[in-house]
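In: Compute the structure for the input listed below.
(4 chains)
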Protein chains: 2
Amino acid sequence: MTDHDRAPIRAFESSLPMALLTAREAAMGHFRPLLAEHDLTEQQWRVLRALDAAPNAVDVKALIEATTLLAPSLTRILANFEERDLIDRTVDPADQRRSIIRLSKLGHALVAKVAPNSEAIYAMIETQFGAARLDALMTELRDLAAAIHQTDEATP
Amino acid sequence: MTDHDRAPIRAFESSLPMALLTAREAAMGHFRPLLAEHDLTEQQWRVLRALDAAPNAVDVKALIEATTLLAPSLTRILANFEERDLIDRTVDPADQRRSIIRLSKLGHALVAKVAPNSEAIYAMIETQFGAARLDALMTELRDLAAAIHQTDEATP
DNA sequence: TATTGTTATACTCTATAACTATA
DNA sequence: TATAGTTATAGAGTATAACAATA
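Out: Numbers count the residues shown, from 1 in each chain, chains lettered A, B, ... in the order given. Predicted coordinates:
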């Protein structure tokens, strides 16, 4: 602390997007170093999780929807994953325009390696914040997103 | 809908960071086109709001903290703002290393022009989701960030 | 003609390190 | 020596448009 410290900037954390960003940054601050250890970006991890969670093999379009990435971003990420042998890719025999993506053995192994740490971090947060409270918060977040999307339809 | 549609990818929206991201994207989806009209990025808007909310003129360090941007990003944004005459910049006479930043008349005018639309969007969200509920959610988000930061101190 | 996915391009932010000028 | 801020550099995502292959 010196004479030149000024009053901190306040009031604009009251913005909803900023509150969401701050909360997200707090959570990801724990997680990003873990991802970096495995040479994964946040977006790459989103793709891996989506692939891991998918009941079946998926096409690029489904991945775009699940990850909210743009097509060109996803194209590059998938190219990177192919180089690293994290995914297998085949052409849909029923529609040759489509790529069918699935996690390779190596890809599954990577998810299996990272995921437990992710859950440990999550558990820490649950302990600190309260499991029931966190559940309720997640529900509210989903409802909020849904409510906003409804306003989309009202004003196209 | 065609024969080739597959089961949607589920389950991983249960990730906290993803829930925060999705909610944020929903909110920002309304706001980004408005910013684009004024040639502003999300990060630039964050800086403008921070400057507008600041009780006094601020230095670069305070802006970094308020916006969670990195120094090099902020340096470029401030250079851009100077070109556009949105800010005034003076050297702190008490410490010549410091830059003192404040919004120019033009900068204040820009904030004044964009902010009402921002509030209109916010009002729409409030209506759809419920004002009290939104308030409660914001409180929870702030508490969550605080709780996570407490775990930081526990595990340095 | 429409759709799937890729390529091309320009811009911005992230992240780190090196550097300057003050203190 | 330490701090405030800038410059340099590499890498990755955002965003649009144009494109090839397939339907």
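In: what sits against the residue nearest to the spatial centre of chain A?
Out: A centroid search over chain A (C-alpha atoms, centre = their mean) returns A:Arg46, at 4.0 Å, as the residue closest to the centre. Each residue near A:Arg46 by C-beta atoms under 8 Å, 6 or more residues apart in numbering or on different chains is listed here: A:67, A:69, B:18. Quick note: C-beta positions are derived from backbone N, CA and C, even for glycine.
In: Output the below-cut-off pLDDT ranges for chain A.
Out: Along chain A, the model assigns pLDDT under 70 to residues A:1-14, A:152-156.
In: how about the strands in it?
Out: A:58-59, A:87-91, A:99-103 (DSSP state E).
In: Packing partners of the last one?
Out: This points to strand A:99-103. Strand A:99-103 is packed against helix A:42-53, strand A:58-59, helix A:60-67, strand A:87-91, with contacts defined by 3 or more C-beta pairs under 8 Å, 6 or more residues apart in numbering or on different chains; DSSP states H and E.
In: is the longest one up against DNA strand D anywhere?
Out: This means helix A:42-53. Yes: judged by C-beta under 7 Å from any atom of the strand, helix A:42-53 comes into contact with DNA strand D at A:43-44.
In: any idea how far that helix is from the chain center?
Out: Relative to the mean C-alpha coordinate of its chain, helix A:42-53 is positioned 7 Å out (C-alpha atoms, centre = their mean, to the nearest Å).
In: repeat for the shortest one
Out: Offset of strand A:58-59 from its chain centre (C-alpha atoms, centre = their mean): 18 Å.
In: and if you look at stretch A:26-33?
Out: 12 Å.
In: Contacts (any at all) between DNA strand C and that stretch?
Out: Yes: using C-beta under 7 Å from any atom of the strand, stretch A:26-33 comes into contact with DNA strand C via A:Arg32.
In: Pull out the buried residues from that stretch.
Out: Going by neighbour count (16 or more other C-beta atoms under 10 Å in any protein chain shown), the buried part of stretch A:26-33 is A:26-28, A:30-32.
In: which one of those residues sits closest to B:Arg89?
Out: The closest of the buried residues of stretch A:26-33 to B:Arg89 turns out to be A:Ala26 (C-beta to C-beta; 31.3 Å).
In: Can you give me every residue that contacts the closest one?
Out: Applying C-beta under 8 Å, 6+ apart, the residues contacting A:Ala26 are B:144-145, B:148-149.
In: Next step: the residues you listed restricted to helices.
Out: B:144-145, B:148-149 (DSSP state H).
In: CSV for those, including distance to A:Glu42?
Out: Shown next, in CSV, are these (distance: C-beta to C-beta, whole Å):
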residue, distance to A:Glu42
B:Leu144, 19
B:Ala145, 18
B:Ile148, 16
B:His149, 19
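In: Counting neighbours, which of the residues you listed comes out on top?
Out: Per-residue neighbour counts (other C-beta atoms under 10 Å in any protein chain shown) across the ones in helices among the contacts of A:Ala26 peak at B:Leu144, which has 25 neighbours.
In: how close does that residue get to DNA strand D?
Out: Look at B:Leu144 and DNA strand D: by C-beta to the nearest atom of the strand, to the nearest Å, they are 23 Å apart.
In: quick one: that residue and A:Ala23 touch, right?
Out: Yes: the pair B:Leu144 / A:Ala23 is scored as a contact, 5.1 Å apart, by C-beta atoms under 8 Å.
In: okay, now A:Ala71: neighbour count?
Out: Neighbour count for A:Ala71, taken as other C-beta under 10 Å: 11.
In: gap between A:Gly107 and B:Gly107?
Out: Using C-beta to C-beta, to the nearest Å, A:Gly107 is found at 48 Å from B:Gly107.
In: who in chain A is up against DNA strand C?
Out: A:32, A:36, A:59-61, A:71-72, A:74-75, A:78-79, A:95, A:97-99.
In: burial of A:Glu140, as a residue count?
Out: 19.
In: OK, contacts around it?
Out: By C-beta under 8 Å, 6+ apart, the contact list for A:Glu140 reads B:133, B:136-137, B:140.
In: go on, A:Leu106?
Out: Going by C-beta under 8 Å, 6+ apart, A:Leu106 touches A:84-86.
In: all helices of chain A, in order?
Out: Using DSSP H, the helices of chain A run over A:16-37, A:42-53, A:60-67, A:71-83, A:105-129, A:131-154.
In: Tell me which of the ones you listed sits most buried.
Out: Greatest average neighbour count among these goes to helix A:42-53 (a mean of 21), per mean count of other C-beta atoms under 10 Å in any protein chain shown.
In: now the angle between strand A:99-103 and that one, please.
Out: Here helix A:42-53 runs at an angle of 90 degrees relative to strand A:99-103 (axes from the mean of the first three to the mean of the last three C-alpha atoms, to 10 degrees).
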